[in-house]
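*Asks:* For reference, the sequence and a predicted model appear below.
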Amino acid sequence: MTLAKHIVLIDDETDVVEAVSEMLELEGFSVSCFTDPNAGLKSLKPNCQSVVLCDVRMPKIDGLSLLGLIQHRVANVPVLLMSGHGDIPMAIEAMKLGAFDFLEKPLNTGLLTEKLNLALTQSQQNQSTLIQSDKSIEHEIESVIIGQSKSMDAVRQQVLALAHTGVDTIINGETGTGKEVIARSLHQFSPRKMKPFVAINCGGMTQSIIESELFGHEAGSFTSANKLRIGKIEQANGGTLFLDEIESMPISVQIKLLRVIQERVIERVGGNELIPVDIVVVAATKADLVAMSESGEFRADLFYRLNIASVSLPALRQRKEDIQMLFRHFVVQAGLKYKTRPSTIYPEQIQQLSRHQWPGNVRELRNVAERFLLGIIGDGFNLNSPSGEPSAEDFAFEAQMEHYERNVLTEALIVTAGNINKVSSKLNIPRKTLYRKMKKHQLDKENFKT
């Protein structure tokens, strides 16, 4: 079967199907025939480059209804309708609703072939545009959610899938894993991206403050309320509301938030008017909300209402293969921020980064990158620069060759996570020679394992 010339033929009359399919096959098309419209509909797969040729008048389903179902299932597949003379008004209406064209029975072979070829060309162009769009989006998200590990690739795919659904989502992860980056990505790659993204940290706020922040208040509703205040939920109307550290939200506020999520309406503090809001709620937590729900520290009904979908972020120590890429990214960002040229990153320093356990996760790595760029020593882990300035001996040919050899070995060990067989294969040197050179340069494979 040649996919580029594939026609899905749907007609409830067996003799018509047989005659038309024979005609099309003689003209070089491959044809899948269906007398049941539902079976024909189910045969259409996402990203297919087929064209549908179907009758308008069928007992189980009419052409207009089938057109709508096809558009919902595979939006970019062209649909040509066949109609008797009495069904032309219906066919014209179908064209207004997005049908590619219609042909009157009895069919003219030349005209039918011409129309189908035009439709196939459009189908291929539509598919090419979709592929380019998908690749563009994938490239764009890789510059936002950074990492080459399988776990982060899975996170990127999950974010793209969830962004189009508009469902409320919980993001789980340790402090510093990048939960707000994921929340912003869910907004950025959604149809709401031109609408507001409003973030609020629920930690460290009293009940009265967070209630006013979320819901707003009417003028005079309490002593210091001199004028009307629009709350964060109302500000996010049409867009995304991000609730960070939601586990810190007081129970009484959780009850009011649950109503907002269920009914999509708010009531300002001190007010009586119900204000409709169109929002997607993204919540982030470093706590185990299931355990908190069971112990009564967090409302179970709110948890289950928010947890329609969830994204779990791995700790940085669980994806050490991403450390080098992230560190270089943060150093470049810091260089732009402080208008300073990035320093050379030595293999020994990459080893230091890989050995560290990163309790502060990506946030800690960013801080280390900024301190490295600025050449300052801060609290916690510090990336020590190579000791001493280069001497004249360091520029000698043999010294430079030794340094180059050490760099090559180090890079290969980093890429392979200390796997000697892979390093031996990658560098095309025997294992015995590899071990000898590693011993000479004091390189331990254990230091490179992730």
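*Replies:* Nice, I can see it. Numbers count the residues shown, from 1 in each chain.
*Asks:* hang on, residue 103 is in a strand, isn't it?
*Replies:* Yes. Under DSSP: H, G, I helix; E, B strand; the rest coil, residue 103 falls within a strand.
*Asks:* Low-confidence regions, this structure specifically.
*Replies:* The chain contains residues with pLDDT under 70 at 1-4, 85-88, 90-92, 126-139, 220-226, 343, 378-379, 384-396, 449-450.
*Asks:* number of nearby residues for residue 306?
*Replies:* Neighbourhood size, residue 306 [other Cβ atoms under 10 Å]: 24. (Each C-beta comes from the backbone N, C-alpha and C, glycine too.)
*Asks:* Surely it touches residue 261?
*Replies:* Yes. Residue 306 lies in contact with residue 261 (Cβ atoms under 8 Å); the separation is 6.9 Å.
*Asks:* Now do the SS call for residue 80.
*Replies:* strand.
*Asks:* In contact with it, which residues are there?
*Replies:* 51-54, 99-103, 115-116, 119 (Cβ atoms under 8 Å, 6 or more residues apart in numbering).
*Asks:* Dump these into TSV; add secondary structure, distance to residue 257 and neighbour count as well.
*Replies:* Converted to TSV, the contacts of residue 80 look like this (DSSP: H, G, I helix; E, B strand; the rest coil; distance: Cβ to Cβ, whole Å; neighbours: other Cβ atoms under 10 Å):
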residue	secondary structure	distance to residue 257	neighbour count
51	strand	49	25
52	strand	46	27
53	strand	52	27
54	strand	49	24
99	coil	46	23
100	coil	48	21
101	strand	52	16
102	strand	52	20
103	strand	56	17
115	helix	55	20
116	helix	55	22
119	helix	50	21
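*Asks:* mind putting these in a markdown table, distance to residue 327 included?
*Replies:* Converted to a markdown table, those look like this (distance: Cβ to Cβ, whole Å):
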| residue | distance to residue 327 |
| --- | --- |
| 51 | 51 |
| 52 | 52 |
| 53 | 57 |
| 54 | 57 |
| 99 | 55 |
| 100 | 52 |
| 101 | 57 |
| 102 | 60 |
| 103 | 62 |
| 115 | 58 |
| 116 | 55 |
| 119 | 52 |
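*Asks:* What is the nearest of those to residue 169?
*Replies:* Nearest to residue 169, judged by Cβ to Cβ, of the contacts of residue 80 is residue 52 at 35.5 Å.
*Asks:* what do residue 306 and residue 261 both touch?
*Replies:* Contacts common to residue 306 and residue 261, judged by Cβ under 8 Å, 6+ apart, are 168, 281.
*Asks:* What segments of this protein are strands?
*Replies:* 6-10, 30-34, 51-55, 79-83, 101-104, 169-172, 197-201, 216-217, 229-230, 240-244, 265-266, 275-276, 280-285, 309-312 (DSSP state E).
*Asks:* I'd like the ones you listed written out as TSV, with distance to residue 445 added.
*Replies:* Below are the strands of the chain laid out as TSV (distance: least, Cβ to Cβ, whole Å):
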stretch	distance to residue 445
strand 6-10	53
strand 30-34	55
strand 51-55	58
strand 79-83	61
strand 101-104	66
strand 169-172	34
strand 197-201	43
strand 216-217	59
strand 229-230	59
strand 240-244	40
strand 265-266	58
strand 275-276	61
strand 280-285	38
strand 309-312	31
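*Asks:* if we can go back for a sec, which one of the contacts of residue 80 sits closest to residue 233?
*Replies:* Using Cβ to Cβ, these come closest to residue 233 at residue 99, 42.5 Å.
*Asks:* Quick check: chain neighbours aside, which residue is closest to that closest one?
*Replies:* Spatially, and ignoring its direct neighbours in sequence, residue 99 is nearest to residue 79 (5.0 Å; Cβ to Cβ, 6 or more residues apart in numbering).
*Asks:* The one you found and residue 47, how far apart?
*Replies:* Noted for residue 79: a distance of 17 Å to residue 47, by Cβ to Cβ, to the nearest Å.
*Asks:* Residue 199: what's it in contact with?
*Replies:* 180, 183, 242, 244.
*Asks:* Among those residues, which one has the most neighbours?
*Replies:* When neighbours are taken as other Cβ under 10 Å, the top entry among those is residue 242 (26 neighbours).
*Asks:* partners of that residue in the sheet?
*Replies:* Applying DSSP bridges to residue 242 gives these bridge partners: residue 199, residue 282.
*Asks:* I'd like the distance between the closest residue to residue 211 other than its chain neighbours and residue 291.
*Replies:* In this structure, residue 211 finds its nearest non-sequential neighbour in residue 253, 5.5 Å apart by Cβ to Cβ, 6+ apart. Shown here: residue 253 relative to residue 291, a distance of 20 Å by Cβ to Cβ.
*Asks:* between these two, which one's more packed in?
*Replies:* Each of residue 253 and residue 291 has its neighbours counted (other Cβ under 10 Å); residue 253 has more, 18 against 10.
*Asks:* Residue 210 is in contact with the more buried one, correct?
*Replies:* Yes. Between residue 253 and residue 210 there is a contact under Cβ under 8 Å: 5.6 Å.
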